[in-house]
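In: Fold the stuff below for me.
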Amino acid sequence: MRRIAITALSATALIAAAAGITLSTAAFAAKPKLSPDEQIAKIVGKRVPGKPVNCINLPQIDSTQIVDKTAIVYKDGSTYYVNRPHNADTLREDDILVTKTFSSQLCRLDTVQLHDRATPSMWRGFVSLNDFVPYRLPPKK
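Out: Numbers count the residues shown, from 1 in each chain. Here you go, the predicted structure:
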């Protein structure tokens, strides 16, 4: 299906070029950019927020996702923990997060170093974590 869509786009571009019309693929592929809160809502899906917790267990974290200038989302099985750290405006989607802990937990007030993905040895700054808000699926009725 994707191949057909690309072929149709290519054919349209060729016809437009033959007619002397400039055609931008951005017109075909333009998607509205989601706000940070909409991105978080998309990540957590139908999960509902619970009571914030001070710490999460690092060995149980499956993945981490950054929402630009807003939050770090930690996935633990089917639970997502959303942390909106201090200095969140410095977070970038393509940052590498470096966390130094002294236990198996990541807690409120711990700091996370931000490194540039293009030059990982380049330290960009840090964020200080806040409480972790768990998002869990609601109980089945």
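In: Going by C-alpha atoms from here, please, whenever you check contacts or count neighbours.
Out: Noted.
In: Name the nearest residue to residue 129, sequence neighbours excluded.
Out: Leaving aside its sequence neighbours, residue 129 sits nearest to residue 85 (C-alpha to C-alpha, 6 or more residues apart in numbering; 4.4 Å).
In: Now do the same for that neighbour: its pLDDT.
Out: On pLDDT, residue 85 comes in at 98.
In: give me every residue that touches it.
Out: Taking C-alpha atoms under 8 Å, 6 or more residues apart in numbering as the criterion, residue 85 is in contact with 70, 71, 72, 127, 128, 129, 130.
In: so the second one bridges to which residues?
Out: Residue 71 forms beta bridges with residue 67, as assigned by DSSP bridges.
In: Next, count neighbours for it.
Out: Residue 71 has 25 neighbouring residues, counting by other C-alpha atoms under 10 Å.
In: Quick check: it touching residue 87?
Out: No: counting by C-alpha atoms under 8 Å, residue 71 sits too far from residue 87 to count as a contact (9.9 Å).
In: For this structure, which segments count as strands?
Out: Assigned by DSSP state E, the chain shows strands spanning 48-49, 55-57, 63-67, 71-76, 79-83, 96-99, 105-107, 111-115, 123-128, 132-136.
In: Low-confidence bits of this structure, can you list those?
Out: The chain contains residues with pLDDT under 70 at 1-30.
In: go with 80
Out: For the chain, the stretches flagged by pLDDT under 80 are 1-31, 120, 141.
In: mind listing what's buried in stretch 46-60?
Out: 47, 49, 55, 56 (16 or more other C-alpha atoms under 10 Å).
In: same deal with stretch 66-84?
Out: 66-76, 79-84.
In: picking that back up, and the furthest pair within the buried residues of stretch 46-60?
Out: Pairwise distances across those peak at 19.5 Å for 47 and 55 (criterion: C-alpha to C-alpha).
In: closest to residue 138 among the buried residues of stretch 46-60?
Out: Nearest to residue 138 among the buried residues of stretch 46-60, with distances taken as C-alpha to C-alpha, is residue 47, at 6.4 Å.
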